[in-house]
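Enquirer: kindly generate the corresponding structure for this input.
(2 chains)
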Amino acid sequence: MEKGGIAMENTTEDIVLDIRGQICPACLLITLSELNSNRERLTEASARLVIKTDHRDATRTIPGAALAMGYGVAVTQKERYYEITLEHKK
Amino acid sequence: MSETGEFLEADLRASSESLKKYIRDKVNHLLSVMGTKPLDEEELDDNTLIELDPIGIIARSFEQILEHQRETNRRLTVAKDQLQAVFDTVGVCISIIDEDMRIVNCNEKQKDLLVSANTSVIGKHCYEIYCGKDSPSLDCPAVETLATGKPVFIREVEKKDRHFQIVTSPLKDENGKVTGVIEVSIDVTEKKKAERLMRQAEKLTAIGLLAGGIAHELNNPLGNIIGYATLLLKDKQSGLRPDRREKLEIIVEQAKKGSEIIKGLLDFSRQSVPSFSDVRLNEIIRKTIRTLQNRISLQKIKIDIELAEKLIVRADPRQIELVVLNLLLNSVQAFEGIKRKDKVISIKTGRENNLIQVRIADNGPGIPEEILPGIFDPFFTTKPIGKGVGLGLSICSGIIREHKGSIRVRSESGKGTEFIFTLPAMASKTG
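Expert: Sure thing, here's the model as predicted:
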């Protein structure tokens, strides 16, 4: 699992969480932990969480939980993995 | 290690295993709530699991879910209040009706127009509340929409003496089954009234043109008849026998009656051009009362006068006098053949903003409701043949309209009639 990789786009910071190689439910637990620890920045929309996962189930479980917590979700299929972006709308 | 030590260690190990199993079970339970599958022991062994603190993670996540739910509820409440405000203040009637024709909800406009005060409507049959019937009518659009699942538009329907245009749209469940109807009604009563007045105005214009033309053409020959007949009557050399003189007098009298009718027609068709000047309305009223004083006294009618001071209008005094005379005469005639001691005609004038109002009311028998809409039409009369041609009120209406005022009538059977006309007030000369 690789964590960090901060990228800036406009004024929103990307917190990148690379959990390729992990399967559910660990993917979900790790993502939830990240959402909890960055809750303030994510809520005030100064940052968004970008998750890289190669576990297909995670594209269902992570968006489901994130939507229930009020995040906007976008899932993009990359060449060998999925990218899930979670962010609060400004 | 002693036997006791071994026993304690086994006991602790058993407790630890039981605790780990409890934690794993609880985590799996919470994960199933979050919509994911149970923990895989090969991926996360007990120690890694405890280190990850999954219950803490999920608890904090639930905190976020709860906060999001609270915010969503707050927004929903605001949206619901806004929607309710729009629902209630929109200028059309809206009703939600279920498949048993019972009212699920309706807006304030609907209640204002079709529901009696303090009547509870929710759960009641719509045909009972809105139409005053005990079953839906055959052409009810809601019934058709419930049966066909399609919207229905009705150009005009009458409910409780008001006229509506109605659109009904189906409400469907997730399987497409019709579960109710949304009924939107637009009150077109005032529009219909305006259309009727427009038609009446057009009719009056046409009749006015025709009547004016005919009257003008008849005026000259009638004048000649009266003139020559009068000459004959005055000619002492003519040697007319008394019976022929009597017949000639009848000719003059009838021709004069014809001439009066023609004068009325010319007034109605406005071929006499109004001559505007500053008019003291109260003086006109007093003068008109004096003109009719003989008839008023003869019929023992009491006149109540309440005149506001110094009311001046820009008007044709002769025409306004004609209006007051016609209305007052109407009130006097209302008492004809009635033997009562409390016959009263009240005349009031007043000023409201930039309008001067004159009210002439009597406590006579009133005008039947069914003929009330037509009383300003030309040739409309309830008097016997020969007693009137039915031009008086239409002339009044035409004169008042020409003076940029309005005239209306209120009447209740057995209680009396009130004519109210308004004229624009002079801006600075009143007081």
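
Enquirer: just give the nearest non-adjacent residue to the closest residue to chain B within chain A, would you?
Expert: Proximity of chain A to chain B (Cβ to the nearest Cβ) peaks at A:Gly70, 3.3 Å away. Where you see a C-beta, it was placed from the backbone N, CA and C, and this is true even at glycine. Ranked by Cβ to Cβ, 6 or more residues apart in numbering or on different chains and with sequence neighbours excluded, the top spatial neighbour of A:Gly70 is B:His68, at 3.3 Å.

Enquirer: for the helix or strand that neighbour falls within, name the packing helices and strands.
Expert: Taking DSSP states H and E as the criterion, B:His68 maps to helix B:54-89. Of the remaining helices and strands, those touching helix B:54-89 by 3 or more Cβ pairs under 8 Å, 6 or more residues apart in numbering or on different chains; DSSP states H and E are helix A:26-37, helix A:58-68, helix B:3-33, helix B:108-114.

Enquirer: tell me the buried residues in that helix?
Expert: Across helix B:54-89, burial judged by 16 or more other Cβ atoms under 10 Å in any protein chain shown covers B:54, B:57-58, B:60-62, B:64-65, B:68, B:87.

Enquirer: closest to chain A out of these?
Expert: Nearest member of those to chain A, counting by Cβ to the nearest Cβ, is B:His68, at 3.3 Å.

Enquirer: residues contacting that closest one?
Expert: Residues near B:His68 by Cβ atoms under 8 Å, 6 or more residues apart in numbering or on different chains: A:68-70.

Enquirer: what residues are bridge-paired with the nearest residue to B:Ser406 once chain neighbours are set aside?
Expert: Of all residues not flanking B:Ser406 in the chain, B:Thr422 sits nearest, at 5.2 Å (Cβ to Cβ, 6+ apart). Taking DSSP bridges as the rule, B:Thr422 bridges to B:Gln357, B:Ser406.

Enquirer: from chain A, how far off is B:Thr422?
Expert: Per Cβ to the nearest Cβ, to the nearest Å, B:Thr422 is found 59 Å from chain A.

Enquirer: surely B:Ile58 meets B:Lys26?
Expert: No - using Cβ atoms under 8 Å, B:Ile58 is not in contact with B:Lys26; the gap is 9.2 Å.

Enquirer: mind checking how far A:Ser46 is from A:Pro63?
Expert: 22 Å (Cβ to Cβ, to the nearest Å).

Enquirer: apologies, that question was intended for B:Ser95.
Expert: For B:Ser95, the distance to A:Pro63 - Cβ to Cβ - is 40 Å.

Enquirer: between those two, who's got more neighbours?
Expert: B:Ser95 (25 against 18; other Cβ atoms under 10 Å in any protein chain shown).

Enquirer: can you map out the helices along the stretch 201-350 of chain B?
Expert: All helices of the stretch 201-350 of chain B, identified by DSSP state H, counting those that start in this stretch, fall at B:242-268, B:281-298, B:317-334.

Enquirer: could you say what helices and strands the longest one packs with?
Expert: Yep, that's helix B:242-268 we're talking about. helix B:189-234, helix B:392-402.

Enquirer: list the buried residues in the shortest one.
Expert: By neighbour count, with 16+ other Cβ under 10 Å as the criterion, the buried positions of helix B:392-402 are B:392-400.

Enquirer: next one: the nearest residue to B:Glu306 once chain neighbours are set aside from chain A, what distance?
Expert: Nearest non-adjacent residue to B:Glu306, counting by Cβ to Cβ, 6+ apart: B:Lys348, 4.5 Å away. Computed with Cβ to the nearest Cβ, the distance linking B:Lys348 and chain A is 66 Å.

Enquirer: go ahead and confirm B:Lys348 touches B:Ile303.
Expert: No - using Cβ under 8 Å, B:Lys348 is not in contact with B:Ile303, being 11.5 Å away.

Enquirer: could you list the low-pLDDT ranges of the chain?
Expert: I'll assume chain A. Low-confidence segments of chain A, defined by pLDDT under 70, are located at A:1-10, A:90.

Enquirer: I was thinking of chain B, sorry if that wasn't clear
Expert: Of all residues in chain B, those with pLDDT under 70 make up the ranges B:1, B:42-43, B:201, B:204, B:267-273, B:379-380, B:382-389, B:427-431.

Enquirer: near chain A, which residues of it show up?
Expert: B:31, B:34-40, B:43-44, B:52, B:54, B:57-58, B:60-61, B:64-65, B:67-68, B:71-72 (Cβ under 8 Å from any Cβ of the partner chain).

Enquirer: now B:Thr119. Its backbone dihedrals?
Expert: phi -100, psi 130 (degrees, to the nearest 10).

Enquirer: cool, and B:Val157?
Expert: phi -140, psi 150.

Enquirer: tally of neighbours for the nearest residue to B:Val313 once chain neighbours are set aside?
Expert: Among residues not flanking B:Val313 along the chain, B:Leu423 sits closest, at 4.6 Å (Cβ to Cβ, 6+ apart). Here the count is done by other Cβ under 10 Å, and B:Leu423 has 23 residues near it.

Enquirer: how much space is there between B:Leu423 and B:Asp81?
Expert: 47 Å.

Enquirer: ok, B:Glu174 next?
Expert: On the measure of Cβ to Cβ, B:Glu174 and B:Asp81 end up 27 Å apart.

Enquirer: ok, the closest residue to chain A within the stretch 251-400 of chain B - how many residues close by?
Expert: At 52.5 Å from chain A, B:Asn353 is the closest residue in the stretch 251-400 of chain B, using Cβ to the nearest Cβ. A count of neighbours around B:Asn353, defined by other Cβ under 10 Å, yields 5.

Enquirer: quick one, phi/psi of it?
Expert: Residue torsions, per degrees, to the nearest 10, at B:Asn353 are phi 50, psi -120.

Enquirer: A:Leu42 too?
Expert: Residue torsions, per degrees, to the nearest 10, at A:Leu42 are phi -70, psi -40.

Enquirer: what residues does B:Lys348 make contact with?
Expert: B:Lys348 neighbours (Cβ under 8 Å, 6+ apart): B:305-307, B:357-359, B:361.

Enquirer: in strands, which of those fall?
Expert: When those are checked against strands (DSSP state E), the matches are B:305-306, B:357-359, B:361.

Enquirer: nearest to B:Val184 among these?
Expert: Of all the ones in strands among the contacts of B:Lys348, B:Val184 sits closest to B:Gln357, with 38.5 Å by Cβ to Cβ.

Enquirer: the closest one against B:Gly350, yeah?
Expert: Yes - between B:Gln357 and B:Gly350 a contact is recorded at 5.2 Å, counting by Cβ under 8 Å.

Enquirer: neighbour count winner among those two?
Expert: B:Gln357 (18 against 14).

Enquirer: quick one: the more buried one from B:Lys404, how far?
Expert: 14 Å.

Enquirer: B:Gly176 now?
Expert: B:Gly176 is 59 Å from B:Lys404, by Cβ to Cβ.

Enquirer: so those two - more neighbours on which side?
Expert: Shown here are B:Gly176 and B:Lys404; by other Cβ under 10 Å, B:Lys404 has more neighbours (11 against 8).

Enquirer: which residue, other than its chain neighbours, is closest to that one?
Expert: Closest to B:Lys404 by Cβ to Cβ, 6+ apart is B:Pro424, at 5.5 Å.
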